[in-house]
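> Dropping a prediction and its sequence here:
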Amino acid sequence: MNAPGMGKRSTWMKLAAAVASGLLVAGLFPPFHMSSLVWVAMIPLLAALWSIDGKRAGRKGFLLGWIAGTLSCGIQFNWLCEVSWLGALLLPMYLGCYWGLFGLFAATIGNPWRVDVDPSHGGWATCRKSLRVAFCHGAVWAGLEWLRGWLLTGFGWNGLGVAFHETPVIAQSADLLGVIGLSLILVFFQAVMVQTGKRLTRRADNSGRRMYLDFAIATSVVGLLVCYGIARISLENRRESVRLKTLLVQINIPQYAAQVLWSALDVHMAYENETLAALNGLANKDAGRHMPDWVMWPECALTGRILNTDTGVWGAGLENQETISRVREAGPFQLLYGITEMEAEQVGDDQLVPKPKGRIWNSLAVMTPEDDLQTYRKHHLVIFGETIPFVDSIPFLKKIYEQQAGIEYGGSFTPGESFEPLPVPTAAGTRIGTIPSICFEDSVPRLTRKFVRPGPQVIVNVTNDGWFGQSPAAAQHFANARFRAIELRRPMLRCANSGVSAAIDTTGSTGHPDTGKPQVLVNADGNHFTRGSLLTELNIPLHPSSSLYALIGDWGITAIALLGFAWAWWKARSEKHGTPA
């Protein structure tokens, strides 16, 4: 029987543990960058969940997990306040439900402290159970991370594994099961640590060294990841490749939500001046040997529109044509830029007009020096940013958008349909397949992998994180995005208006292939919220490696998640009927 006050004290201790894990996980990501805490961040929560007993253990576990998750996500994603205080409140509460489901599992059928292992079973029985419990918890956590990245179009940012975005040796294993696979390993390792810690304090098992074999195995798994990472980096750096030079141009145009605070003339002049200044400077350097193959501008860079017919006849507004013509004077290059594309129809011999009730796309345009055009149309639209579900049947949703975005709602974008890479040549004539992505599509691995093909490829992302001001949103976006290069073993180019413009190789590194200097556009103070340009160089493998994740996608992690849950359920049922664990 508990002493008076012990029940309340225990409840407050569990709550404090949940809060501690929520804070520790929030600290893993920008702007805090305390990624070394990733190895202990979940320990307080696991210990608290496994300490729950009684008939309402499931309800208590869900609530404890939900509190930890809501607090953590509220801190991580507080930049949503830049656009919507309501979104900054509701999104963490929703994301916290996935933590709550993990808490429900951990406090009930996954709870290893629900039934103790009899010391007479020996040390190996204890360690075997510990490893099984740890695997099941890691698998279920990973499955829930996958689910939140898929359900309701998904928001998979800042899974535990993303904390390794600046730890390249560990991050290399993301090419096996995706970055979520790293989350599985983290929860597995910490679940073993908690169980080992309890045995150390109780000293209930007298079987000697075997009692800690589970911890030795968990540590060995981490060691194997390190060895795999070292070998993978070495292999990637030795691949036969072609050099691609790309000029990234970032203007850092201020905006309030969707409302751009510059005039159209100011925007176009900024792109002209910044691009021409960079190209003319490169032309005068070392007899022009540093001239780029490609020039990149970010998402929706120009204010005009591209009109495109079903037959492939296209045209652009006069303001766009003038800007592009002026920068073309600096030399031949492929121009990649974000633009709004509208469905059009031809009137007469040479006039294009928007099609009545025609479709409109958020597009990535690729234009040759001869003005030949290819476009990729964005697939994964941002809810309440680029599309509003049920807006026709629920009119007040339109008013909410207009109040938050500060502009009139002009209709939703249409999602794209093609999954074909866009072939773009270098100055030397090598055709490189671009894996196109716009805005946060580079944080959606299941979409990006659909463009993977044999032969030289590079992931190209144009984005604009200016909706969220100078907040941690851009740095978090970049941390999540760079794992696509590792998962698919394809290098990446990112060009942002307000965000992180960078070049990333197949190991997730931003280092220049010759000098090792980071290829990230920042000012003298190291701040990426800046205006300027950056000439990047990337080695594009002629025969890129094929990763397990590129082959099987999320099927691996979902199968493991189902296995982990089923194994835990079966063992819990066996223990309930008296079968040894």
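In hand now; what should we look at? Keep in mind it's a predicted model, so treat the numbers as computed, not measured. Numbering: from 1, shown residues only.

> L535: what's its closest spatial neighbour, skipping adjacent residues?
Taking C-beta to C-beta, 6 or more residues apart in numbering as the measure, L535 lies nearest to L247, with 5.3 Å between them; neighbours along the chain are not counted. For glycine as for every other residue, the C-beta is placed from the backbone atoms N, C-alpha and C.

> what about dumping the CA coordinates of the strand or helix carrying that neighbour to CSV?
Assigned by DSSP states H and E, L247 belongs to strand 241-250. Extracted as CSV, the C-alpha positions of strand 241-250 are listed here (Å, rounded to 0.1, in the frame of the first residue of the first chain):
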residue,chain,number,x,y,z
SER,A,241,31.3,11.8,-62.0
VAL,A,242,30.8,14.9,-64.1
ARG,A,243,31.2,18.4,-62.6
LEU,A,244,28.1,20.7,-62.6
LYS,A,245,28.4,24.4,-62.0
THR,A,246,25.3,26.2,-60.9
LEU,A,247,24.8,29.8,-59.9
LEU,A,248,22.2,30.2,-57.1
VAL,A,249,20.6,33.6,-56.9
GLN,A,250,18.8,34.5,-53.7
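
> Please parse this structure into its domains.
Here the domain assignment for the chain is 8-237+555-576, 241-380+415-542, based on automatic domain parsing.

> in terms of contact, does P292 touch L534 like I think?
No: taking contacts as C-beta atoms under 8 Å, P292 lies outside contact range of L534: 10.4 Å.

> Longest strand in this structure, please.
When secondary structure is assigned using DSSP state E, the longest strand within the chain turns out to be strand 334-347.

> out of P292 and L534, which sits in the more crowded spot?
For P292 versus L534, the count of surrounding residues by other C-beta atoms under 10 Å is larger for P292: 23 against 19.

> Give me the sheet partners of the very next helix or strand once past the longest strand of the chain and which way each runs.
Going down the chain from strand 334-347, the next helix or strand is strand 351-354, by DSSP H and E. Here strand 351-354 has these sheet partners by DSSP bridges: strand 334-347 (antiparallel).

> Quick one: classify L381 as helix, strand or coil.
For L381, the assignment made with DSSP: H, G, I helix; E, B strand; the rest coil gives coil.

> Leaving out sequence neighbours, find the closest residue to it.
By the measure of C-beta to C-beta, 6+ apart, the closest residue to L381 outside its immediate chain neighbours is T387, 4.3 Å from it.

> and if you look at F189?
Residue nearest to F189 in three dimensions, not counting chain neighbours: A218, with 5.0 Å by C-beta to C-beta, 6+ apart.

> Make sure I have this right: the one you found is in a strand.
No: under three-state DSSP, A218 sits outside any strand and is assigned helix.

> angle of the strand holding L247 against strand 334-347?
With axes from the mean of the first three to the mean of the last three C-alpha atoms, to 10 degrees as the basis, strand 241-250 and strand 334-347 are set at 70 degrees to each other.

> which neighbours does strand 241-250 have in its sheet, and in what orientation?
For strand 241-250, the pairing partners within the sheet under DSSP bridges are strand 294-296 (parallel), strand 532-541 (antiparallel).

> What's the first helix or strand after the shortest one?
Using DSSP H and E, the helix or strand that directly follows strand 294-296 along the chain is strand 305-308.

> Distance from the chain centre to that following strand, please.
Per C-alpha atoms, centre = their mean, to the nearest Å, the displacement of strand 305-308 from the mean C-alpha position of its chain is 30 Å.

> packing partners for that strand?
In this structure, strand 305-308 makes packing contacts with strand 314-316, strand 334-347, strand 351-354, strand 373-377, judged by 3 or more C-beta pairs under 8 Å, 6 or more residues apart in numbering; DSSP states H and E.

> who are the neighbours in contact with the residue nearest to L535?
Residues touching L247, when contacts are defined by C-beta atoms under 8 Å, 6 or more residues apart in numbering, comprise 275, 278-279, 282, 292, 294-296, 333, 533-536.

> how close does the residue nearest to F189 get to V133?
Computed as C-beta to C-beta, to the nearest Å, the A218 to V133 distance reads 12 Å.

> Between those two, which is the more surrounded one?
V133 (28 against 22).

> ok, now how distant is G556 from G181?
8 Å.
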